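1. What would the 3D arrangement of this be:
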Amino acid sequence: MKARSSTFQLTWRQLAITFAWIIVYLVTPQCRAQHAAYTPGVYGTWPLATQISSSETSCTLTTQSTLLYENSGVVGILLVAPWASIDTGTSAPSYNWTALNDRLNEIQLCATPQRPLSIAISLQTALTSLPPWVQTQESSMTTVNLGTTIGTVPVFWDTTFNNDRVAFIQAAATDLAAQPGFSNVVAVQAQPFGATSDDWNVPHSTNSGGVNQVTNWQQAGYTTTNMLSAAERIIAATGTAFPTLNLKLPIQVTSSSLDPDPNDSNDVTYLAQEVVAYAYSKYPNRFYAQLNFLNSTKSPNDYCVGGSCGTPDWDQSPEAVFDILGYYQSLGYGVGIQDVDAAVNGFVSDSGTYCRQYGTDTQYTCTPCDTTYSSNPNVSYATVAQDAWNIAATYTPTYWEIWNGDAVTTTGNQNSCSIDSSGQAGMRSVYSSAMQAMQQ
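-> Modelled structure (predicted):
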């Protein structure tokens, strides 16, 4: 995808797929099955093991969940459910849904007409965190060596591996549908390409600890066709297992060597384009493409706002996928955005210069901690949050996902500074305004 002054354009193949599925949707009643509305607003990540209510019989908010409920701009939470945490079987699946079920039912227990919270769930099947019984099957799977950090793992398109992933998705659907709190769930995510997390992550370094990941992928049989088929299977399995829920999927770039665009040799978004075209065409009324690296320290032009990508090397930038997001939003499809990091994160000592959402010391002073929020507004957490929303708002997202530390407006998760009542009020004001904008 070359740097261009016009907005992102679909290929003829992608357009044909989109319009074919729209016709199917219009003429087939079961394709229009009623589904949950995606509550517009701000969603905060919530640790799966952390209680919302300390009682399972009456709503007794904890210190952390009290802060969450006080943040009126937050309309929901995101729960990440790692496969390996739920399924600990050594020779066959052995599911323990207790933590996930408890969080759903605590939200139900504490819901009031004035303060309901919606729930989005991510079923994480990261290659680096698989159940023991799946790991024992790797000898019968096609695998790839991605270097010392990731190791040797199944390829995303392996049939046995995907059979196991689909079984996990189906088991989750069966369990969750039986919970009283399931009525609060509005969306589910099953990432087909998560190497290390539930984000889209297809490692493609040509030198990762001496390992050429691109070459190793290709030797293992990597093709865009194989990857697209894997994505289609996981997305369709999720849509079938959860027919009443919205489907969300973070996207990212790969490599022009792995996924060559027939119309642009520099394009690193080709696989994302193909996957998103399929998903929006199959589920036009309930699929949401999402980007998980909104960075407040970028300028709007860095994200191709206004249709101008701005730099000759745009195709090689991870931010290139924002152009895809903007294109589909302009057609009336739903989209979502997640911050790259928490606004409340303080100084990161191992880097020496970075803090908050990866801003430099000269942009957001990290040391000493700003606790007054009045002496220098350029270093306030609210400023970081507002800068992020200013960019996010240009895409008119249905939802904006923030980190747990920001959702509860307290200390974050990495060398965080303290936050006072004035700081809490400033951040909550940003999220409240953002929520109101998304609900208009």
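2. switch to C-alpha atoms for all contacts and neighbour counts from now on
-> Noted.
3. Can you give me every residue that contacts the residue at minimal distance from the centre of the chain?
-> Most central in the chain under CA atoms, centre = their mean is residue 250, positioned 4.4 Å from the mean C-alpha point. By CA atoms under 8 Å, 6 or more residues apart in numbering, the contact list for residue 250 reads 191, 199-200, 289-292.
4. Please apply the same query to residue 89.
-> Residue 89 makes contacts with 95, 131-133, as judged by CA under 8 Å, 6+ apart.
5. Give me the distance between it and residue 234.
-> Here the criterion is CA to CA, to the nearest Å. By it, residue 89 lies 22 Å from residue 234.
6. With residue 424 instead?
-> 40 Å.
7. Help me confirm that residue 132 comes into contact with residue 93.
-> No - taking contacts as CA atoms under 8 Å, residue 132 lies outside contact range of residue 93: 9.1 Å.
8. can you give me the helices for the protein?
-> Ranges of helices in the chain, per DSSP state H, are 12-27, 63-70, 83-86, 98-110, 132-136, 159-177, 213-220, 224-241, 270-282, 321-330, 381-392, 404-407, 421-438.
9. Now mean neighbour count and distance to residue 51 too, for the ones you listed, in TSV please.
-> Shown next, in TSV, are the helices of the chain (neighbours: other CA atoms under 10 Å; distance: least, CA to CA, whole Å):
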stretch	mean neighbour count	distance to residue 51
helix 12-27	14	40
helix 63-70	17	8
helix 83-86	19	16
helix 98-110	20	7
helix 132-136	18	27
helix 159-177	17	18
helix 213-220	17	40
helix 224-241	19	27
helix 270-282	23	34
helix 321-330	22	34
helix 381-392	22	26
helix 404-407	26	13
helix 421-438	19	22
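10. Same list (those) but as TSV, adding distance to residue 261 and mean pLDDT.
-> Shown next, in TSV, are those (distance: least, CA to CA, whole Å; pLDDT from 0 to 100):
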stretch	distance to residue 261	mean pLDDT
helix 12-27	12	52
helix 63-70	44	94
helix 83-86	33	96
helix 98-110	40	97
helix 132-136	34	94
helix 159-177	25	97
helix 213-220	16	97
helix 224-241	10	98
helix 270-282	6	96
helix 321-330	14	87
helix 381-392	28	86
helix 404-407	38	91
helix 421-438	34	92
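11. Name the nearest residue to residue 79, sequence neighbours excluded.
-> Of all residues not flanking residue 79 in the chain, residue 121 sits nearest, at 4.9 Å (CA to CA, 6 or more residues apart in numbering).
12. Now do the same contact list for that neighbour.
-> If you count contacts by CA under 8 Å, 6+ apart, then residue 121 has 78-81, 185, 187-189 around it.
13. try residue 133
-> Residue 133 touches 88-93, counting by CA under 8 Å, 6+ apart.
14. Is there a quick ChimeraX command that grabs whichever of these are buried?
-> Selecting only the buried entries of these in ChimeraX, with 16 or more other CA atoms under 10 Å as the criterion:
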select :88,93
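15. Adding pLDDT and distance to residue 390, write the contacts of residue 133 out as JSON lines.
-> Putting the contacts of residue 133 into JSON lines (pLDDT from 0 to 100; distance: CA to CA, whole Å) gives the following:
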{"residue": "88", "pLDDT": "95", "distance to residue 390": "43"}
{"residue": "89", "pLDDT": "96", "distance to residue 390": "46"}
{"residue": "90", "pLDDT": "95", "distance to residue 390": "48"}
{"residue": "91", "pLDDT": "94", "distance to residue 390": "50"}
{"residue": "92", "pLDDT": "96", "distance to residue 390": "48"}
{"residue": "93", "pLDDT": "97", "distance to residue 390": "45"}
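16. In TSV, list the contacts of residue 133 along with distance to residue 394.
-> Output for these, formatted as TSV (distance: CA to CA, whole Å):
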residue	distance to residue 394
88	43
89	45
90	48
91	49
92	47
93	44
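17. what's the spacing between the nearest residue in space to residue 152 that is not next to it in sequence and residue 227?
-> Counting by CA to CA, 6+ apart, residue 145 is the residue found nearest to residue 152 once chain neighbours are left out, at 4.1 Å. Distance, residue 145 to residue 227, by CA to CA: 17 Å.
18. Return the residues in contact with residue 87.
-> Per CA under 8 Å, 6+ apart, neighbours of residue 87: 93-96, 131.
19. can we see that at 6 Å?
-> The neighbours of residue 87, taking CA atoms under 6 Å, 6 or more residues apart in numbering as the test, are 94-95, 131.
20. between those residues, which has the most around it?
-> residue 131 (23 neighbours; other CA atoms under 10 Å).
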